[in-house]
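A.B. asks: test case, fold it:
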Amino acid sequence: MKETKSLDIRQIVAIVFKRKWLIIVPLILVSGFAYGATFFLTPEYQSSTIIWIDRPHTVSRELVTLIGDGVKHSQSRDQRRQLQSLQNELTSQAYLTQLIQDLRLDRNPELNRQAAKMREQNPDRSTEELKLRILLEQLKDQVDVGYVGADQIKISVQSTDAVQARDMVQKLAQILEEERTRYEMDKILDNQSFADLQLQRTEYQYNLALDSLTAARSRLTRMALPQDISSPSNLREIQTDIDEAGQEIQDSRRELTEVKSRLDELGIASARMQYADTLVDLRGDLENDVLALTSMMEKYAWTEQSIINYNIRIRDNQRLLEREVGRIVAQQFASYPANQQQLLKQYFTVQERIDVLTSLERRLQSAYRGLEDRINMLPKIATEIDELERRVTDARRYRDAFRSEESTVEILSERAKDRTQYRVIEPAQIPLAPFYPNKAKIIMMGFMLGLVIGGAAVFLAEIMDNSFKRVDDVEEALGLPVLATIPKIERLRVRR
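C.D. replies: Numbers count the residues shown, from 1 in each chain. Alright, predicted model coming up:
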């Protein structure tokens, strides 16, 4: 029967020591490569805030379901659903669009380039729409929500900019607080039907009427406009410019249709222009000018020199844009005949003109509607103030009548504790260091990988080594017994 060979610990140690460089070299190389790779990874920062939600008792059933019923379900299906509901709410298009508008996240040159590249394949979509779509997809992956307690939620946001991560968390928390508080207050009104809550109702109605009156007076002061801006003649001037932009868009679209039909006849309708950085920068300048123009609508009359200067600037930049399109077409389609180059130049120029004019018309119409709403709102606010003053007087009279009773005062004191509140107990901070890449973890993984590679190299080298290592190997190969062996004495060599 053939005897099974085995290795003892000393043999394993001797093998490892003999081939130690096969372990050391991969260990150093892989660990060094892992360490160097961390400098090429884009650092990402994470900022978070913790919000405490005071537990309600007199609010709607839907809100109770949202924040829990007092029983801890750390891994329950209900809590997972609540968490997913919060995640969906915070990453909804309404929340993220408000976040983008408030923090002006769309003012990014790199975003303009990405939208321009996408527009090459989607010429029917506007640059503004593509930018919003790109931002929404990015932000959905950057926002995360989790429970850190029975009544506490943690909102975290990741970003390559530490300050931006902090600002996004703060703004999301503010949006959540405003929306949820408004929702809860509406439900409070729907659920206060018992007689023992009359004092709380009158107190709330009085405070609400008083706050509404103060807000209405402040809104009236804030929305008042100078006479030259709210005059009918100024509104007609603005509407005239909007109509001219719309007419120019229609003319340009007819021209685009005619040019496209000619391109179809020549068989080059599928040609696409590659956007250059200069063209993207010009589009960015035009968008900034349009935004500046619309923001001045409620500050200056439309015939004032400041407005005229911006209109001139927009037209000049538009002409520069069209000349740049002509230069790019001449460069990219140099091999085409002159008549085809001219048609392509006209086609892409009209495309860019339509996109610019559409953005200008849309923003002017939006700003104009806001101006009209502001002007039309002033008489309504004045009427609202008269009505609110009457409501404040009536609410104060009923509240004072209930306050005269001691039992009613006790009810108010007890029920006031049941109102739901959202409070930030840990505000967002600017992260001092990125959470990604984790250099220590990456280096440790590189160390382990190098160790595995070195061990595999030692194993393969030992398998490929056909030399005799033990007396048993010699006896097995020769079929003869070994009578004696001469040991290798290292010390003797050193002495010589």
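A.B. asks: name the SS class of the most centrally placed residue in the chain, please.
C.D. replies: In the chain, the C-alpha nearest the mean C-alpha coordinate belongs to L139, at 2.5 Å (CA atoms, centre = their mean). For L139, the secondary structure call by DSSP: H, G, I helix; E, B strand; the rest coil comes out as helix.
A.B. asks: give me the element Q46 is part of.
C.D. replies: Of the helices and strands defined by DSSP states H and E, Q46 is found in strand 45-53.
A.B. asks: distance from that strand to the middle of the chain?
C.D. replies: Here the centre of mass of C-alpha atoms in strand 45-53, compared against the chain's by CA atoms, centre = their mean, to the nearest Å, lies 16 Å away.
A.B. asks: related to what we said a few turns ago, where does the nearest residue in space to the residue nearest to the centre of the chain that is not next to it in sequence land on pLDDT?
C.D. replies: For L139, the nearest residue in space outside its immediate sequence neighbours is L96; the separation is 5.0 Å by CB to CB, 6 or more residues apart in numbering. Quick note: C-beta positions are derived from backbone N, CA and C, even for glycine. Looking at L96, its pLDDT stands at 81.
A.B. asks: residues contacting L96?
C.D. replies: Residues in contact with L96 (CB atoms under 8 Å, 6 or more residues apart in numbering) are 135-136, 139-140.
A.B. asks: again with G446
C.D. replies: Listed by CB under 8 Å, 6+ apart, the contact set of G446 reads 30-35.
A.B. asks: how about the nearest residue to it, chain neighbours excluded?
C.D. replies: Nearest non-adjacent residue to G446 (CB to CB, 6+ apart): A34, at 2.7 Å.
A.B. asks: how about the helix or strand encompassing that neighbour as PDB, C-alpha atoms only?
C.D. replies: Under DSSP H and E, the secondary-structure element containing A34 is helix 20-37. Extracted as PDB, the C-alpha positions of helix 20-37 are listed here (Å, rounded to 0.1, in the frame of the first residue of the first chain):
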ATOM      1  CA  LYS A  20      10.000  34.700   0.200                       C
ATOM      2  CA  TRP A  21      10.600  37.100  -2.800                       C
ATOM      3  CA  LEU A  22       7.700  35.500  -4.700                       C
ATOM      4  CA  ILE A  23       5.500  36.800  -1.900                       C
ATOM      5  CA  ILE A  24       7.200  40.000  -1.100                       C
ATOM      6  CA  VAL A  25       7.400  41.400  -4.600                       C
ATOM      7  CA  PRO A  26       3.700  40.900  -5.500                       C
ATOM      8  CA  LEU A  27       2.800  42.200  -2.100                       C
ATOM      9  CA  ILE A  28       4.700  45.400  -2.600                       C
ATOM     10  CA  LEU A  29       3.700  45.900  -6.200                       C
ATOM     11  CA  VAL A  30      -0.100  45.300  -5.700                       C
ATOM     12  CA  SER A  31      -0.200  47.400  -2.500                       C
ATOM     13  CA  GLY A  32       1.700  50.200  -4.200                       C
ATOM     14  CA  PHE A  33      -0.600  50.100  -7.200                       C
ATOM     15  CA  ALA A  34      -3.700  50.100  -5.000                       C
ATOM     16  CA  TYR A  35      -2.300  53.100  -3.100                       C
ATOM     17  CA  GLY A  36      -1.500  55.000  -6.300                       C
ATOM     18  CA  ALA A  37      -4.900  54.300  -7.800                       C
END
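A.B. asks: from the contact counts, what lies against that helix?
C.D. replies: Contact here means 3 or more CB pairs under 8 Å, 6 or more residues apart in numbering; DSSP states H and E; on that basis helix 20-37 packs against helix 439-464.
A.B. asks: quick one: buried residues of the helix holding A34?
C.D. replies: For helix 20-37, the buried set under the neighbour-count rule, 16 or more other CB atoms under 10 Å, comprises 22-23, 26-27, 30-31, 34.
A.B. asks: thinking again about what came up before, neighbouring strands of the strand holding Q46 in the sheet, and parallel or not?
C.D. replies: When sheet partners are counted by DSSP bridges, strand 45-53 sits next to strand 152-159 (antiparallel), strand 422-426 (antiparallel).
A.B. asks: out of those strands, which gets nearest to R217?
C.D. replies: Evaluated over the strands paired with strand 45-53, closeness to R217 peaks at strand 422-426, with 26.9 Å, by CB to CB.
A.B. asks: gap between the residue nearest to L139 and T240?
C.D. replies: Note on L96: its distance to T240, by CB to CB, to the nearest Å, is 36 Å.
A.B. asks: how about R362?
C.D. replies: Using CB to CB, which is the criterion applied here, R362 is 17 Å from T240.
A.B. asks: so for stretch 23-43, mean pLDDT?
C.D. replies: The average pLDDT within stretch 23-43 is 74.
A.B. asks: swap that for stretch 428-441, sorry
C.D. replies: The average pLDDT within stretch 428-441 is 73.
A.B. asks: burial count for V13?
C.D. replies: V13 is flanked by 10 other residues according to other CB atoms under 10 Å.
A.B. asks: sorry, wrong one. I was asking about R315.
C.D. replies: In terms of burial, R315 registers 11 neighbours under the definition other CB under 10 Å.
A.B. asks: gap between it and R353?
C.D. replies: Remark: distance between R315 and R353 (CB to CB) = 11 Å.
A.B. asks: what's the biggest helix by length in the chain packed up against?
C.D. replies: Longest helix in the chain by number of residues, with DSSP state H as the criterion: helix 338-403. In this structure, helix 338-403 packs against helix 127-142, helix 198-223, helix 232-266, helix 277-295, helix 305-332, helix 406-415, with contacts taken as 3+ CB pairs under 8 Å, 6+ apart.
A.B. asks: and the longest one, what does it pack onto?
C.D. replies: Okay, so that is helix 232-266. Contact here means 3+ CB pairs under 8 Å, 6+ apart; on that basis helix 232-266 packs against helix 338-403.
A.B. asks: and the average pLDDT for the helix it packs on is what?
C.D. replies: Helix 338-403 shows an average pLDDT of 84 in the prediction.
A.B. asks: from here on, call the first residue 45.
C.D. replies: New numbering, starting at 45: the last item is helix 382-447.
A.B. asks: and the protein, split by domain according to the record?
C.D. replies: If the domains of the chain are taken from automatic domain parsing, they occupy 53-84+484-539, 89-235, 271-428, with pieces of a single domain joined by a plus sign.
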